[in-house]
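>>> Compute the structure for the input listed below.
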Amino acid sequence: MAGAVLWTGEGLSLAIGTQILLDDAKISIHAGERVALVGRNGSGKSTFMRIVAGTEQPAAGEITCARGLRIACMEQDCTRFRDVPVRDAIAEGLAYFNDIHRQLDAMRPGSAEQEKLERILTLHDAWDPAHKIEVVAQKLNLPPPDSLCGALSGGELRKVMLARAIAADPDLLLLDEPTNHLDIGAITWIEDFLADYRGTCLFVTHDRCFLDRIATRIVELDHGKFYSCEGSYADFLAAKAAREYREDQAEYKRQSFLRREIEWVRRSPKARLRRNLGRIKRYEETAALSAPDRIGSMELIIPKAGRLGNQVVRIENVSHAMGGKPLIRDFSFEFEAGQRVGIVGPNGAGKTTLLKLITQQLTPDSGKIEVAPTVVFNYIGQAHLELNPNHTVLEEIGEGHEFINLGDERVSIRGYLRRFLFEDDRVNTRIDRLSGGERARIALAKILKSGGSFLILDEPTNDLDLPSMRVLEEALVGYSGCLAVVSHDRYFLNRVCTHIIAFEPDGHLFAGPGDYDYYLEHRASVRQAAPAPAPKKDVPPPKPKSPPKKLSYKEERELAELEPEIERLEERVSEIEAIFSAPDFFATHGPESAALQNELNGLREKIDALYARWDELEQKKQALQS
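All right, here's what the predicted structure looks like:
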């Protein structure tokens, strides 16, 4: 049940030039909600967050806030913190609690106001502000507290701003892309924090796992209007499909009505037209209505990979250290054509070092790396994604040329940019005037035009909107070469990857087939199978009863049938998810969206039950064999 209304905006309107961000929009945020705000890049999400924070005002509309509402936001412009130590930057978020401490120090003991202020400090665990800072800094693995913010990397600075907002413990917490540039460990901690958060949260994210776990409601900002949906990301896609199907049906009826009226006007004599002015007026009113606005999907085509042999890159017993810290210990792996390998691990673990070893930019301390002569790397690290802010979109991609070769296809630069949703009126826009998501699309366009047979991507999904990420995933799944991708997006890893390389403590690396969820299951089973501590010598262990030697015939048969059944159901789940992710889903499968969603939910429940039974029988089998 939704709580009291904390923030409401009615009749909100705002435009920047010819782009309409808010069009007589209405939205309310209730106490206790965790609202995910989604939408296309450039649709106005960050602008709306600034309106809620009070740092920007709409051109028209009425905003109402609850009395005494405290709002804290994760700042995006960090220039004023350049010369500020990390500790002081986080401490700014505690200004409200520090003020309460000053009031208590100056207050007469035993007063009713004192009890009220003490209850606030107890509720927010803010009796010791320094300890509160230390806990948040430790959980987010922040740099040393005396480090200046100006000396930090972009990812580290984002974590400091996140810590500053979290430490404030506000009534309404605003987070704009909180998971960008964070490793999976930090993302998991934020998820746990927000899942138990007593306040209300409005956040922008393109991390679908984060969204599914945290959001109690998803709100889409589309062409200046807000559309709300309770439930998961799959529920949101189904609701959006149903809404757009209804809009398309209404537009079809409108066009049919207009065609009939035009034909009537053509056949009717002038005298009859004069007697039917009301009908003509209805026609003019209907003709004045606009069709539903639709934004096309990004058409992402990766140039066809060159020929690769059986062996692509062979890593054999490689070890490497940096500054005396071992990053990789005795690691072996062989890349093969068609593999899509996800590389995961904490920030600073050595993922970029591994990529540089693969591409032979670095030489390992020991072991060897063999690269087949047919391999052509297209390695794009974070440092290579910088764009010239003074260039236009056309200049940045064209680099003085009018055409580009995509494998056997030769297309114009303007045609290539249209595939990335840059129409003719946007190609002359300067890079520094694009939104973060638009710059991400330009960087992607610049990366992929180079082709290559071994594609290496470092955090390719940062700042991409959800529809663009789905298109990128489809393109990578269809890529015929070899792919290595560093990512902290678990949904992306599960959708794209056939293998996982994971950095674990002390320079040890796990490598194996499967997606990220399979890796997590493997890691959990290894930990579960770790030997228990030996009993004390003076207390002999109890003598076990004689167990059966193996599973019963019925259990053996059930276990043998479980795997093919799970595979069959998972194939169907993949088919339905592919249908939902298709760019033309709304037009092709709109009427079926509800039935498909119900089938998908039922399949997932059944798969979970089968996995639980399979795990139970496997553990029993291993226990009997041992």
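
>>> And for the most centrally placed residue in the chain, nearest residue in space, chain neighbours not counted?
With distances taken as CA atoms, centre = their mean, the residue of the chain nearest its centroid is D207 (1.7 Å). When the adjacent residues along the chain are set aside, D207 lies closest to T179, with 4.7 Å between them (CB to CB, 6 or more residues apart in numbering). Every C-beta, even on glycine, is put in place using the N, C-alpha and C of the backbone.

>>> still on that earlier bit, how near is the residue nearest to the centre of the chain to I397?
From D207 over to I397 the distance is 28 Å, taken as CB to CB, to the nearest Å.

>>> so where does K116 fall, helix or strand?
Secondary structure here is read from DSSP states H and E; on that basis K116 sits in helix 112-123.

>>> And that helix, what does it pack against?
Secondary-structure packing of helix 112-123 (3 or more CB pairs under 8 Å, 6 or more residues apart in numbering; DSSP states H and E): helix 95-105.

>>> which residues sit against the helix it packs on?
The list of residues contacting helix 95-105 from outside it, by CB atoms under 8 Å, 6 or more residues apart in numbering, reads R70, A91, Q114, L117, E118, I120, L121, H124, A126, P129, A168.

>>> Equivalent analysis for stretch 134-150, please.
Contacts made with stretch 134-150 from outside it, assessed by CB under 8 Å, 6+ apart, are listed as 78, 81-87, 89-90, 133, 152, 156-157, 159-160, 162-163, 166-167, 185-186, 189, 193, 346-347.

>>> ok, which stretches of the stretch 1-150 of the chain are helices?
Assigned by DSSP state H, counting those that start in this stretch, the helices in the stretch 1-150 of the chain fall at 45-53, 86-91, 95-105, 112-123, 129-139.

>>> any idea of the mean pLDDT for stretch 184-201?
The predicted model gives stretch 184-201 an average pLDDT of 86.

>>> Over to stretch 482-495?
Averaging pLDDT along stretch 482-495 yields 90.

>>> next one: stretch 134-151
Per-residue pLDDT over stretch 134-151 has a mean of 84.

>>> distance between the top helix by length along the chain and the chain's centre?
Under DSSP state H, the helix in the chain containing the largest number of residues is helix 233-267. The gap between where helix 233-267 is centred and where its chain is centred comes out at 32 Å by CA atoms, centre = their mean, to the nearest Å.

>>> Repeat that for stretch 441-459.
For stretch 441-459, the separation from the chain centroid amounts to 19 Å (computed by CA atoms, centre = their mean).

>>> Then stretch 401-419?
29 Å.

>>> Specify the stretch among the helices of the stretch 1-150 of the chain that is closest to L6.
Of all the helices of the stretch 1-150 of the chain, the one in closest proximity to L6, counting by CB to CB, is helix 45-53 (9.9 Å).

>>> average model confidence for that closest one?
Across helix 45-53, pLDDT averages out at 91.

>>> what helices or strands is that helix leaning on?
Based on contacts counted as 3+ CB pairs under 8 Å, 6+ apart, the elements that helix 45-53 packs against are strand 5-16, strand 19-30, strand 34-38, strand 71-73, strand 172-176, strand 200-204.

>>> Any chance of the ones you listed in CSV with mean neighbour count as columns?
As requested, the helices and strands packed on helix 45-53 are arranged in CSV below (neighbours: other CB atoms under 10 Å):
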stretch, mean neighbour count
strand 5-16, 17
strand 19-30, 18
strand 34-38, 24
strand 71-73, 21
strand 172-176, 23
strand 200-204, 23
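
>>> The ones you listed into CSV, with extra columns for distance to R410?
Putting those into CSV (distance: least, CB to CB, whole Å) gives the following:
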stretch, distance to R410
strand 5-16, 36
strand 19-30, 33
strand 34-38, 37
strand 71-73, 47
strand 172-176, 40
strand 200-204, 39
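
>>> Single out the most deeply packed of the helices of the stretch 1-150 of the chain.
Counting by mean count of other CB atoms under 10 Å, helix 86-91 has the highest mean neighbour count of these, with a mean of 22.

>>> so who does the residue nearest to the centre of the chain touch?
So D207 contacts T179, I187, D489, R490, Y491 (CB under 8 Å, 6+ apart).

>>> And A36, by the same measure?
Residues in contact with A36, defined by CB under 8 Å, 6+ apart, are F203, V204, T205, L211, I214, A215, R217, I218, V219.

>>> wait, which of the helices of the stretch 1-150 of the chain is closest to L457?
Go through the helices of the stretch 1-150 of the chain one by one with CB to CB and the one that ends up closest to L457 is helix 45-53, at 24.5 Å.

>>> ok now the closest one, how far from the chain's centre?
The gap between the average C-alpha position of helix 45-53 and the chain average comes to 19 Å, counting by CA atoms, centre = their mean.

>>> okay, the angle between that helix and strand 19-30?
Between helix 45-53 and strand 19-30, the angle formed by their directions is 50 degrees, by axes from the mean of the first three to the mean of the last three CA atoms, to 10 degrees.

>>> Contacts for helix 45-53 next, please.
Where contact means CB under 8 Å, 6+ apart, the residues beyond helix 45-53 that reach it are 7, 9, 12, 14, 16, 21-22, 29, 37-39, 56-58, 63, 71, 73, 76, 172, 174, 176, 202, 204, 221, 435.

>>> what angle do the one helix or strand L603 maps to and helix 233-267 make?
Counting by DSSP H and E, the secondary-structure element that holds L603 is helix 593-625. Between helix 593-625 and helix 233-267, the angle formed by their directions is 160 degrees, by the same axes, to 10 degrees.

>>> Okay, buried residues for helix 593-625 please.
When neighbours are counted by 16 or more other CB atoms under 10 Å, the buried residues of helix 593-625 are found to be S593, L596, Q597, L600, I607, L610, W614, L617, K620.
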